[in-house]
Structure formats: structure tokens, C-alpha cells
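>>> predicted model follows, preceded by the sequence.
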Amino acid sequence: MNRNYMNTSFIIFITSCVAIVITLVILLNFNKGTALAMGGVDKVVDEDVFARQRKRMVEEQIAYRGVKDKEVLEAMEMVPRHLFIPEENRSYSYYDQPVPIGFGQTISQPYIVAFMTELLRVGKDDVVLEVGAGSGYQAAILARLVKQVYTMEILEELGKEAFMRLKAMGYDNVEVKIGDGYKGWPEHAPYDAIIVTAAAAQIPQPLIDQLKPGGRMVIPVGGVYEVQDLMLITKDASSKVIKKSIIPVRFVPLTRTKKGNDF
Ligand code: SAH
């Protein structure tokens, strides 16, 4: 009798252990399955890594070099730069350098984006024109700081990609136009600020004309594949234009070859 009782307890114990192990295995697999179905554990980890890299980028590359505007620093920390960079170059997103975005073009170095944005001294009611949409990254930074951004891109494929990316990310205050930005976008002029992110041999007169009195324009000026001058152009209240050279920079050239359509 006693022995039988021992046997029964032992069987119950073993059965319970097996049941617990089976339950654990099922639960673990279920969690793994759920995580995978939700886009993968790796992706969540990546976003975390990118967010930390972005924080360091702001501290070590941008604030460290003297950019002080709090809103600019915040925008640089908020906008996920890696989503503007093609997959094969994504690991370089937060490096202290420009990164290729296809079609022979580059997204500017983070510090230069922040520095040029700070120079524009934009406010939340401003309307801004960008020439050289590229990936759309600079437009996204500006979109967080101003009322409306109009950005132009001469390469159709890049412009369309930038347009779709910005829409998918919810930047509803950015419009993209395919076309030669040398001539500006007169329909929405005058602008509080204009930023040109490709180097021009000389300052395009149509852009000066489309700047509001009291407005600011930032533009790299100089020859192709040379060191260029980053210029700050201000138009005072009486429309007098003042040009100031700020720092040496190196940008891809402003081209004049293709004609584009609006979309
Ligand atoms: N601001 C971009 C990077 C710009 S790279 C970003 O944040 O990613 C310069 C861009 O200017 C390139 O995409 C190039 O195709 C574009 N570009 C060159 N000449 C142009 C022109 N005349 N009008 C409009 N875009 C031009």
C-alpha cells in the first residue's frame, strides 16, 4: 500500500514536470512567433541602436562643433536619418560624413545639415524653398521647424523617391517638384528662407528675386569638384542684398541639363 502510494506520487510528479516543460516550450515558441510576426526582434533592436547613434551624432558632431539652436538640435535627434539612406549604406547613416544616395548624389554630412539649418534662422510661420531635395532628409529637418517646405529636385527618380518617403513618414507640409531649381519655384514666392544643397557657379538671380525682404539664403558657391564657399545671402527690409562667405564646403554640383514636370 505504502509502496503503491509512493509510485503514484512519483508518476504524478514526473507527469507534472513533463507538462511544465511542454508548456514552456510552447510559450517560448509562441513568443518568438509573435515577435517575428510583428516585424522581428532585430528590427526593434536596430531602431534602438540607431536612436543611440543619433543622440551621439548630435552631441559629438553637431553641438560639440558649436551648433546651439535647440530646435535644430532636437530636429536632428528626432528625424531618423537612416530611413533616408539606401539599405546598402544604412550602417553609415550616423557617420561624420556625406553618404551616397544613388544616382551619383549624396546626403550631406550631419553637421553641415545642422549648420546650414541654423544659419537660416527659421521660425514656425516661415515658408522655405530648398533646391536639391536628394533623399528628402534636409526637407524633413526643415519641416519640423517651419510652416511649409517646397523642395525641388532635378533627377526624377530621386525626387519621386523623396516625395514618397516624406509622405509615408507623415511630413504633410513638404511639397516636392521635379525641375531645375536654378529658376526657383515662383508660384509660392517670396520665401522667408532659401537653402541650396548643390554647388552653384554663381548665385542664381531668380532665387535672389524670390527671397522676401528680411529673408535669408544659404548656398554653396564655387566650381565643380573644388572647395566651395558656403555663402549666407541676406535681403534687408529695403531689399538690399548682402553676401557673406561663411565656411569652405564641398557639394555635388547644381546641374542645368534636365527639364522636369511638376507632380
Ligand atoms: N538635400 C539633400 C542632398 C542634396 S545632394 C538631402 O538632404 O538628401 C544635391 C541634390 O541636388 C542632388 O539630388 C541633385 O540631383 C540635386 N540637384 C542638382 N542640380 C539641381 C537643380 N538645378 N535643381 C534641383 N536639384 C538639383
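Perfect, thanks for sending it. Numbers count the residues shown, from 1 in each chain.
>>> any idea where the helices of this structure begin and end?
Along the chain, the stretches classed as helices by DSSP state H are 2-37, 41-56, 70-78, 110-120, 137-143, 156-168, 205-209.
>>> so for the shortest one, what gets flagged as buried?
Applying a neighbour-count criterion of 16 or more other C-beta atoms under 10 Å, the buried positions in helix 205-209 are 207-208. Yep, even glycine has a C-beta here, placed from its N, CA and C like the rest.
>>> how many residues are close by Pro98?
Pro98 has 18 neighbours, counted by other C-beta atoms under 10 Å.
>>> tell me who's in contact with it.
Taking C-beta atoms under 8 Å, 6 or more residues apart in numbering, we find Pro98 in contact with 106-109, 112.
>>> could you redo the last one with a cut-off of 10 Å?
By C-beta atoms under 10 Å, 6 or more residues apart in numbering, the contact set of Pro98 is 92, 105-110, 112-113, 250-252.
>>> please name the nearest non-neighbouring residue to it.
Thr106 (4.0 Å; C-beta to C-beta, 6 or more residues apart in numbering).
>>> next one: Lys244
Counting by C-beta to C-beta, 6+ apart, Leu232 is the residue found nearest to Lys244 once chain neighbours are left out, at 4.8 Å.
>>> pretty sure that neighbour is touching Leu211, no?
No: in this structure, Leu232 is not within contact of Leu211 by C-beta atoms under 10 Å, at 11.8 Å.
>>> how close does the most centrally placed residue in the chain get to the ligand?
Among the residues of the chain, the one closest to the centroid is Tyr137, at 2.9 Å (C-alpha atoms, centre = their mean). Distance, Tyr137 to the ligand, using C-beta to the nearest ligand atom, to the nearest Å: 4 Å.
>>> next: Ile194.
Distance from Ile194 to the ligand, by C-beta to the nearest ligand atom: 12 Å.
>>> okay, and the beta partners of the closest residue to that residue other than its chain neighbours?
Spatial nearest neighbour of Ile194, chain neighbours left out: Met217 (4.2 Å); criterion: C-beta to C-beta, 6+ apart. On the basis of DSSP bridges, Met217 is bridged to Ile194, Ile233.
>>> and Met217, how many neighbours?
Based on other C-beta under 10 Å, the number of other residues close to Met217 is 26.
>>> can you check Val227 too?
Using other C-beta under 10 Å, Val227 is surrounded by 12 other residues.
>>> ok, now Pro186?
Neighbours around Pro186, by other C-beta under 10 Å: 10.
>>> one more: Tyr191?
24.
>>> isn't it right next to Pro213, touching?
No: using C-beta under 10 Å, Tyr191 is not in contact with Pro213; the gap is 11.4 Å.
>>> on that earlier part again, and of the helices of the chain, who's closest to Tyr150?
helix 137-143 (8.9 Å; C-beta to C-beta).
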